Each structure stands twice: as C-alpha cells, then as structure tokens.
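Colleague: no sequence on this one, just coordinates:
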Ligand SMILES: NC(=O)c1ccc[n+]([C@@H]2O[C@H](COP(=O)([O-])OP(=O)(O)OC[C@H]3O[C@@H](n4cnc5c(N)ncnc54)[C@H](OP(=O)(O)O)[C@@H]3O)[C@@H](O)[C@H]2O)c1
C-alpha cells in the first residue's frame with residue numbers, strides 16, 4: 001500500500017503548526033508542513049525536528065495559483081493523491097488597522113475565501129477514498145451570518161446554492177464594501193466574518209458534491225472553528241493554546257475509517273453546530 005499523506009496549509013506557525021505537530025504524533029503517514037515562505041517553513045520544520053518530530057515540507061502560497069498547481073502535481077506524482085487536507089491558511093486585519101474597509105474586504109475575502117476555493121478546486125480530485133478534508137473557518141462565520149439581512153441569510157442557508165452563486169455573493173460584498181454601502185446592503189460590518197461565511201458555505205457545497213459524485217469513496221469534508229486561540233492573529237489574551245486549538249481540526253482530520261459523519265457540517269469543540 002502506498003504511503004498515506006496529510007497536507008496542512010499555512011502551517012509555519014499558529015494553529016496550522018500545532019495541527020502538524022499533532023498529526024506527526026497521530027497520523028500514520030507523511031505529514032507536510034507547508035508555507036508560502038520557504039524560509040519560515042523550513043524554520044518551523046526545524047523547530048518540530050527539535051521536538052523529535054519529522055514533518056516534510058512543501059512550499060504552498062494559496063494566493064498563488066501556480067504554487068497551488070505545483071503542489072497538487074507534486075502530491076499526485078509522489079503519493080497518487082492526498083489522504084488528509086487541512087485548509088488552515090487565513091488572514092485577518094487587526095482591529096486597529098486603518099486600511100479602508102473596502103480594501104480590507106477585498107484582501108480578506110481573496111485569501112480566506114477565493115484562495116481556499118482555488119485549493120479545493122485543484123485538490124478535490126486528488127482526495128483519496130477514505131480521505132478527510134478540514135476547512136478552518138470560525139464561529140465568527142455563524143455570528144456574521146446572523147447579522148446578515150434575511151435575504152442574504154436565506155441565500156447562505158439555501159442547500160441548493162452553487163459554488164458560482166456563492167462566489168458572486170462574496171464578490172458583491174467586496175463591491176458593496178468598496179462603495180461604502182455594505183451596511184445598507186444588508187451585510188455585517190466584518191470582512192473576516194463574511195470571508196468565513198464563505199468558507200463554511202463552500203465546505204457544505206463541496207461536501208454535497210462529494211456525496212453526489214463520489215458516493216462510495218467515504219470522504220468526509222467539514223468546516224470547523226478551532227476556538228479562540230493565542231496566535232499572531234488573535235493575540236495573547238485568547239484562552240486556548242495553539243495545541244488546544246488544533247484539537248477539533250485534528251479530530252476531523254482523523255475521523256476513523258468507515259465513519260459516515262460528520263460530513264458537510266460546521267464543527268466546534270468536536271460538536272456539530274447549527275448553521
Ligand atoms: N486564532 C484564533 O483564535 C482563530 C479563531 C478562529 C479561526 N481561526 C482560523 O484559524 C486559521 C489559523 O489562524 P492562526 O490563528 O493560526 O493565525 P496565524 O498565527 O496568523 O497563522 C496564519 C497562517 O496562515 C498563513 N497564511 C496566510 N496567508 C497565506 C497564504 N496566502 N498562503 C499560505 N499560507 C498563508 C500564515 O503564513 P505567514 O507566516 O507567511 O503569514 C500563517 O502560517 C485561520 O484560518 C484563522 O482564520 C483562528
């Protein structure tokens with residue numbers, strides 16, 4: 001049997017690094033720490049080596065389609081696909097950042113939603129039977145959804161929403177934000193929150209597609225929240241350590257063979273949440 005492989009995006013620090021650490025201990029196969037910056041990635045690999053762990057490394061910038069395709073080709077060639085994919089890479093502007101809201105919306109939705117979508121587009125067919133896909137979203141997505149106007153809420157909860165329609169909605173948010181009209185158009189005042197609505201709904205769309213197109217492959221795909229975690233993104237006041245933040249993503253990445261659920265859900269504290 002070929003070697004199993006797990007790939008984690010944005011894993012040179014924070015929750016991603018903690019997910020790599022946990023999978024190095026618990027996953028039977030090769031674990032790939034990936035980073036957009038090779039220097040930061042290799043430094044993170046060395047830090048885990050010093051703990052006696054042996055992750056592998058591949059460059060992967062989710063904002064760069066060529067980088068995604070190069071990585072996808074590598075995993076296809078070397079491993080014949082991927083067993084576990086954790087889409088963890090994400091960004092957030094700091095509260096104090098004075099960048100205009102329209103730009104924050106564009107930049108945040110680009111990485112967190114559109115680039116994660118590119119990852120799923122390029123890696124979906126590589127996911128092997130029995131594979132697990134985990135998209136790191138946030139509880140903030142649930143809060144932001146509940147702050148959308150009723151029409152938007154209905155669209156984001158619609159089980160028939162297509163990936164294209166979701167992409168159009170994300171683009172509409174960016175356009176409305178750039179015009180300074182997002183609030184009057186029914187959007188919440190959070191670019192990060194809307195980007196994570198996109199990640200959660202995208203996960204549900206991809207899970208439904210897997211169930212339809214590969215019903216016998218036993219692949220489970222979910223979105224999750226790691227909790228509020230002490231990282232460069234969330235700051236020092238958060239209650240959870242990165243290793244604690246990794247617990248739910250790792251639980252979803254290691255759902256046992258033959259498990260049928262959760263699938264297409266938003267999961268927090270290892271528990272399916274209402275969307
Ligand atoms: N911390 C929390 O409380 C919390 C709560 C809910 C959800 N989350 C989510 O959890 C995930 C990890 O967050 P974190 O708190 O660990 O943040 P973090 O410490 O800022 O780490 C983010 C990671 O993503 C990487 N990244 C950003 N853009 C990338 C790109 N284009 N391509 C590849 N990697 C990229 C960063 O790489 P660089 O080092 O090169 O910048 C870094 O490794 C994010 O999706 C975040 O939204 C976090």
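Modeller: On my side now, so go ahead. None of the values given here were measured: they were computed from a predicted structure. Numbers count the residues shown, from 1 in each chain.

Colleague: hang on, isn't residue 102 packed against residue 177?
Modeller: Yes: contact between residue 102 and residue 177 holds when scored by Cβ atoms under 8 Å: they sit 4.6 Å apart. C-beta here means a position set from N, CA and C on the backbone, and glycine is covered the same way.

Colleague: and these two? which has more neighbours close in?
Modeller: residue 177 (25 against 18; other Cβ atoms under 10 Å).

Colleague: now do the helices in the stretch 51-200 of the chain.
Modeller: Here the stretch 51-200 of the chain has its helices, by DSSP state H, counting those that start in this stretch, at 65-79, 101-109, 116-123, 139-147, 150-157, 163-178, 191-213.

Colleague: right, so those helices: which one is the most enclosed?
Modeller: helix 191-213 (a mean of 23; mean count of other Cβ atoms under 10 Å).

Colleague: give me the mean pLDDT for that helix.
Modeller: Taken as a whole, helix 191-213 carries a mean pLDDT of 98.

Colleague: what is the subsequent helix or strand relative to it?
Modeller: strand 220-225 (DSSP states H and E).

Colleague: and that next one with the ligand, contact?
Modeller: Yes: using Cβ under 6 Å from any ligand atom, strand 220-225 reaches the ligand at residue 225.

Colleague: can you name the residues of this structure that neighbour the ligand?
Modeller: Counting by Cβ under 6 Å from any ligand atom, the chain sits next to the ligand at 9-10, 12-16, 35-37, 40, 60-63, 88-91, 111, 115, 136, 138, 225-226, 228-229, 231-234, 238.

Colleague: which of the residues you listed are buried?
Modeller: 9-10, 12-16, 35-36, 60-62, 88-90, 111, 115, 136, 138, 225-226, 228-229, 231, 233-234, 238 (16 or more other Cβ atoms under 10 Å).
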